[in-house]
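Trainee: prediction below, plus the sequence it came from.
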Amino acid sequence: MGTSSLIGVLAVHADHVGVSLPASCRAGLVEALMAVPDRRDPRGVAHPLAGVLATAVAAVLAGARSAAAVAEWANDAPQEVLAGLGAWREPVTGVYRAPDESILPQILAGVDADALDDTVGRWIVASRPAMTTGRWVYSVDGKTLRGSGPAGEQVHLLAVLDQHTGTVLGQVDVDGKTNELTRFQPLLDPLDPTAVLVTADALHTR
């Protein structure tokens with residue numbers, strides 16, 4: 001999945017969360033993102049992947065929708081914010097820096113989009129306030145990402161949404177070789193089904 005599509009995946013979460021990333025949540029996000037596999041050759045790597053991804057998540061939550069916008073947001077971010085997001089710290093100057101626009105797309109292009117999405121979804125679930133009454137209600141539906149490619153080649157996702165908060169808890173890619181039916185169970189597998197009601201289209205019951 002390309003950089004723009006990966007940012008689009010994050011934007012689906014951000015469009016429903018709709019808030020900036022508070023300091024109290026940054027450390028937990030960075031820790032969670034350490035589970036995303038780093039496919040880069042370790043030789044010469046300066047920017048830790050978890051810090052890069054946490055910066056991208058924070059930038060997308062703030063409205064960034066491209067690698068250039070993420071890099072611009074990171075360039076303007078205060079030092080304490082970059083530190084909290086796990087950004088790389090220059091050993092000589094002690095200044096925290098995120099990847100610039102020339103490097104960021106290369107890093108993001110190598111990220112496993114499904115692993116990133118699953119990690120962000122789990123972090124969102126863990127960050128939710130506890131349900132005091134009733135039960136969670138999840139909705140499953142498909143969505144094509146606008147701007148993710150030419151007609152007929154756009155990224156199509158199957159997503160699960162928390163009806164109470166409007167938060168996207170997870171999503172899986174539905175490519176041209178399969179359909180939503182085969183992706184339905186893998187989408188729900190990472191979620192705890194205890195006391196949860198799931199709604200979906202009639203077609204999904206097949």
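Mentor: Arrived safely, thanks for sending. Numbering: from 1, shown residues only.
Trainee: all strands of this structure, in order?
Mentor: 88-89, 96-97, 136-144, 156-162, 167-173, 196-199 (DSSP state E).
Trainee: so which of those comes closest to Q79?
Mentor: In terms of Cβ to Cβ, the element of the strands of the chain nearest to Q79 is strand 96-97, at 5.4 Å. In short, each C-beta sits where N, CA and C put it, glycine included.
Trainee: the closest one - what's its average pLDDT?
Mentor: The average pLDDT within strand 96-97 is 96.
Trainee: what strands line up against it, and which way round?
Mentor: According to DSSP bridges, strand 96-97 forms sheet pairs with strand 88-89 (antiparallel).
Trainee: starting at the chain centroid, how far to the strand it pairs with?
Mentor: 22 Å (Cα atoms, centre = their mean, to the nearest Å).
Trainee: what's in contact with that strand?
Mentor: Strand 88-89 is contacted from outside by 46-48, 51, 83, 95-98, using Cβ atoms under 8 Å, 6 or more residues apart in numbering.
Trainee: at 6 Å what do you get?
Mentor: The contact list for strand 88-89, computed with Cβ atoms under 6 Å, 6 or more residues apart in numbering, reads 46-47, 96-97.
Trainee: determine which two of those residues are furthest apart.
Mentor: Spanning the widest gap among the contacts of strand 88-89 are A46 and Y96, at 12.0 Å by Cβ to Cβ.
Trainee: many thanks, we can stop here.
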